[in-house]
Structure formats: C-alpha cells, structure tokens
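A.B. asks: sequence and predicted structure, then a few things I'm wondering about:
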Amino acid sequence: MPIKTLVVDDSVLFRKALSEALGGFTVIELLGAAANGSIALKRMAQSPADLVFLDVHMDGMDGLQTLEHLRAGFPDTVVVMVSDSSTRTEETTIRALEMGAMDFVQKPEGSDFQASIDELKQRLRGILSHVEVRLLSRGPGSGIRPASPVVAARPQVKTAVGGFAIVAVGVSTGGPEALARFIPSLPADFWLPIVMVQHMPAQFTRSLAESLSRKARLPVAEAQEGDAVLPGRILLAPGGTHLVVRREHGKLIAGLTADPPENSCRPAVDVLFRSVAAACGDSGVLAVVLTGMGSDGLAGVQALKKKKCYCITQSERSCVVYGMPRAIAEAGLSDESVDIDVMAVRVSELAYFSQAHLYP
C-alpha cells in the first residue's frame with residue numbers, strides 16, 4: 001500500500017525540493033503540497049494523508065498549532081516536522097516531538113537545488129523506513145491514547161530484584177514524547193542517578209535536555225566530559241557523541257567518546273549500557289528500553305545481564321515504533337513490559353525497593 005503524503009511548508013522552493021525528493025521513493029503517493037497549516041487542514045478533511053511533512057515555522061497557523069489540530073482530528077496520521085538549524089527552531093522541534101510528531105527532517109543549507117534534493121533523499125530513507133513500520137503496525141484508532149491507561153498484570157519476574165546503583169535508559173524514534181511522559185513524572189526525591197541515550201543530532205539533544213529539565217522535578221542536563229554521575233541527577237548523551245560511565249576513585253564519572261557509530265548510531269545505547277555494566281554491574285543496574293527502531297540496546301542488555309540487571313521495556317501498545325523493546329523481549333531479556341504513562345511509577349517502585357534492600 002502506498003503512503004499517502006502531504007507536504008506543508010511556506011517556502012515554494014522547499015516544497016518543490018521535498019516533493020521531488022519524495023517522488024524518488026516508490027512507496028510514496030504524493031497527494032500535494034500546502035503553503036500553510038490552514039490549507040493543510042482543509043486538504044486533510046478532503047483527502048486524509050498517512051504522512052504529513054510539516055514545517056515548524058509558518059505564517060498564520062504555525063507548525064505547532066497545525067500539529068495540535070492534526071493530532072486531535074487525524075490521530076493515525078504520522079507527522080514528520082521540517083526544521084532548519086536555528087536555536088529557535090530546535091526548541092520548537094523538540095516541543096513538536098514531545099507533542100507526538102514522530103520524527104523530523106532538517107532542511108539542506110546549500111543553494112544548489114539538485115544537491116538539496118539528493119541530500120533530502122539520503123535523510124528521508126531512514127525516516128520513511130520508520131514510517132512504514134509505524135503504519136504497518138498500527139490498528140484502528142491507534143493514534144488515540146487513553147488518558148488513564150489500564151495497567152496489565154505484571155508478568156512473573158525473571159530476574160530477582162535487589163539493589164541498584166543506577167538507571168540506564170535507551171530510546172530512539174518517538175523518544176521525546178516518551179521521555180516527556182516519563183521523566184517529569186519521577187518524584188523529586190528519586191535517589192538513583194539516571195543516564196540516557198536518545199538517538200538525535202547534536203544540536204537537538206541540548207534543547208531536549210533543557211525542555212525536560214523545565215518540566216521535571218529532577219535536574220536534566222546534556223552530559224559533559226567529567227560530569228559527576230550523582231543521585232537524583234539525569235544526564236543525556238550529546239548527539240553525535242557516545243556517552244559512557246566510568247568509575248574513578250570510587251566515584252561514577254561521565255565520559256564522552258568519538259568512537260565509530262554502532263548500529264549506525266552515535267550516541268549508541270549499546271555503548272552506554274556496556275560501560276554501565278563495567279562500572280556498576282556488580283552493584284545492580286535498572287535498564288529501561290523505550291520506543292525506537294532497530295535493535296540498539298540489545299547487546300548492551302546482554303552485557304548487563306551477565307552482571308546484575310533488571311530490565312524494563314516499553315509496552316508495544318504505547319510505543320511509536322516497537323523495535324528496540326521488541327528486540328529485548330524476543331531475546332528473553334525483558335523482565336517487565338510497562339506502558340509509558342506508568343513507567344515513572346514502576347521505576348520509582350523499583351528504586352525505592354532497591355533503597356530498602358540496601359538500607360533496611
């Protein structure tokens with residue numbers, strides 16, 4: 001089945017470039033283009049699209065306002081934001097991802113039209129793979145998420161729950177929305193350090209960390225070389241750089257490396273999880289694998305399970321793309337599958353159980 005696609009951007013030149021780039025993919029059926037959000041919504045009412053590419057900044061109804069209408073009126077439509085490299089756009093793009101946009105594509109900066117089309121094609125390949133998986137896995141009304149989800153009975157625990165020294169989180173496609181539901185719901189007295197990898201370009205992870213920190217009761221920061229990994233503090237891997245945890249003189253320290261990408265990713269969840277296994281595995285690690293395409297995190301969890309690790313994966317029904325959690329579950333390494341809206345509750349329960357275990 002072709003993916004019915006609508007392009008929404010106020011630049012005539014970019015609409016043409018993106019439309020031509022999309023035309024190079026046989027899976028795409030281009031319904032047309034719209035110059036602003038109001039026109040796009042009218043087009044959607046006449047002929048709903050499976051996929052909308054939506055400019056972040058437009059005159060009149062901007063990208064965020066349009067996205068809000070799309071999420072309310074067309075919850076099964078996948079939205080990919082179109083952004084430039086300005087700081088203002090980065091912050092707005094993060095907000096859009098937190099609101100439910102699946103991904104984003106950056107506008108080429110060069111003036112060569114054909115080179116821009118070729119660059120867009122390269123950027124679109126991975127995104128369209130994610131979209132295909134999302135559309136194939138959705139069910140009727142799948143875009144509507146209940147405000148108060150029913151929590152399935154917890155499965156029989158495969159790993160004994162003991163003490164934990166740290167929480168390690170891996171997430172990819174759909175991550176900003178998942179993290180916006182998870183991190184701000186953690187209590188202010190959460191006592192374990194948290195380290196996270198979100199697959200995202202460099203300039204966007206800083207904006208994501210700042211956005212989460214404004215919403216959360218715990219401090220969230222983009223990690224820097226030598227940062228102390230402290231209880232109640234959350235460190236996010238910078239885009240384009242691997243995050244590792246080291247133990248130096250009895251203390252946990254964050255490190256950054258420019259080692260080659262793993263699973264085509266830098267930062268990679270596997271790199272972080274392996275380092276956490278080496279630094280904290282004997283003391284216990286609570287691993288959390290959230291929505292994302294592919295299997296990054298699987299090798300890392302395998303390394304953690306050779307030490308002391310309890311692993312939670314996000315439930316299929318609450319994932320944007322059930323790829324990374326599925327890889328863990330199918331390998332028999334997931335101890336629990338939990339809906340994203342109650343993830344903070346379950347992680348907090350395990351953390352406080354751990355505290356009681358360590359300090360009875």
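C.D. replies: Right, received. Where do you want to start?
A.B. asks: now do the helices in the protein.
C.D. replies: For the chain, the helices defined by DSSP state H occupy 12-22, 37-46, 63-73, 87-99, 113-137, 175-182, 202-215, 269-280, 298-305, 324-330, 343-358.
A.B. asks: mind giving me the domain ranges of this structure?
C.D. replies: 3-137, 166-358 (automatic domain parsing).
A.B. asks: what is the mean pLDDT for the first one?
C.D. replies: Domain 3-137 shows a mean pLDDT of 91.
A.B. asks: report the distance from it to the chain centre.
C.D. replies: Distance, stretch centre to chain centre, for domain 3-137: 18 Å (C-alpha atoms, centre = their mean, to the nearest Å).
A.B. asks: what sits against the residue nearest the centre of the chain?
C.D. replies: Most central in the chain under C-alpha atoms, centre = their mean is Gly175, positioned 1.6 Å from the mean C-alpha point. By C-beta atoms under 8 Å, 6 or more residues apart in numbering, the residues touching Gly175 are Leu97, Gln198, His199, Met200, Leu290, Thr291, Gly292. Heads up, the C-betas are built off the backbone N, CA and C, glycines and all.
A.B. asks: ok, the third one to Gly323 distance?
C.D. replies: Pointing back at His199 there. Going from His199 to Gly323 by C-beta to C-beta, to the nearest Å gives 11 Å.
A.B. asks: swap in the fifth one?
C.D. replies: Here Leu290 is placed at a distance of 11 Å from Gly323 (C-beta to C-beta).
A.B. asks: more neighbours, the two?
C.D. replies: In terms of neighbours (other C-beta atoms under 10 Å), Leu290 is the more surrounded of Leu290 and Gly323; the figures are 31 against 21.
A.B. asks: okay, now the nearest residue to the more buried one once chain neighbours are set aside: neighbour count?
C.D. replies: Counting by C-beta to C-beta, 6 or more residues apart in numbering, Leu290 lies nearest to Val171, which is 3.9 Å off, once chain neighbours are set aside. Other residues lying near Val171 total 29 when counted by other C-beta under 10 Å.
A.B. asks: repeat that for Asp62.
C.D. replies: 17.
A.B. asks: not counting its neighbours along the chain, what's nearest it?
C.D. replies: Spatial nearest neighbour of Asp62, excluding adjacent residues (C-beta to C-beta, 6+ apart): Gly37 at 6.8 Å.
A.B. asks: for the one you found, list the residues it contacts.
C.D. replies: Gly37 neighbours (C-beta under 8 Å, 6+ apart): Val8, Leu54, Met58, Gly60, Met61, Asp62, Gly63, Gln65, Thr66, His69.
A.B. asks: out of these, which is most surrounded?
C.D. replies: In terms of neighbours by other C-beta under 10 Å, these top out with Val8 at 29 neighbours.
A.B. asks: that residue touches Val56, doesn't it?
C.D. replies: No: counting by C-beta atoms under 8 Å, Val8 stays clear of Val56, with 10.5 Å between them.
A.B. asks: ok, now how distant is the residue nearest to the centre of the chain from Phe113?
C.D. replies: Gly175 is 33 Å from Phe113, by C-beta to C-beta.
A.B. asks: now Asp10
C.D. replies: Where Phe113 is concerned, Asp10 sits at a distance of 18 Å (C-beta to C-beta).
A.B. asks: before we move on, what about Ala72?
C.D. replies: 36 Å.
A.B. asks: looking at the two, which is more packed in?
C.D. replies: Phe113 (13 against 10).
A.B. asks: show the end-to-end separation of stretch 210-227, please.
C.D. replies: Using C-alpha to C-alpha, to the nearest Å, one end of stretch 210-227 lies 17 Å from the other.
A.B. asks: then stretch 231-243?
C.D. replies: 18 Å.
A.B. asks: distance between it and the chain's centre?
C.D. replies: The answer for stretch 231-243 is 14 Å, by C-alpha atoms, centre = their mean.
A.B. asks: list the buried residues of it.
C.D. replies: Gly232, Arg233, Ile234, Leu235, Leu236, Ala237, Pro238, Gly239, Thr241, His242, Leu243 (16 or more other C-beta atoms under 10 Å).
A.B. asks: how about TSV for those residues, with pLDDT and distance to Thr89 added?
C.D. replies: TSV is the format used below for these (pLDDT from 0 to 100; distance: C-beta to C-beta, whole Å):
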residue	pLDDT	distance to Thr89
Gly232	96	32
Arg233	98	28
Ile234	98	24
Leu235	98	25
Leu236	98	19
Ala237	98	21
Pro238	98	18
Gly239	96	15
Thr241	97	22
His242	98	26
Leu243	98	25
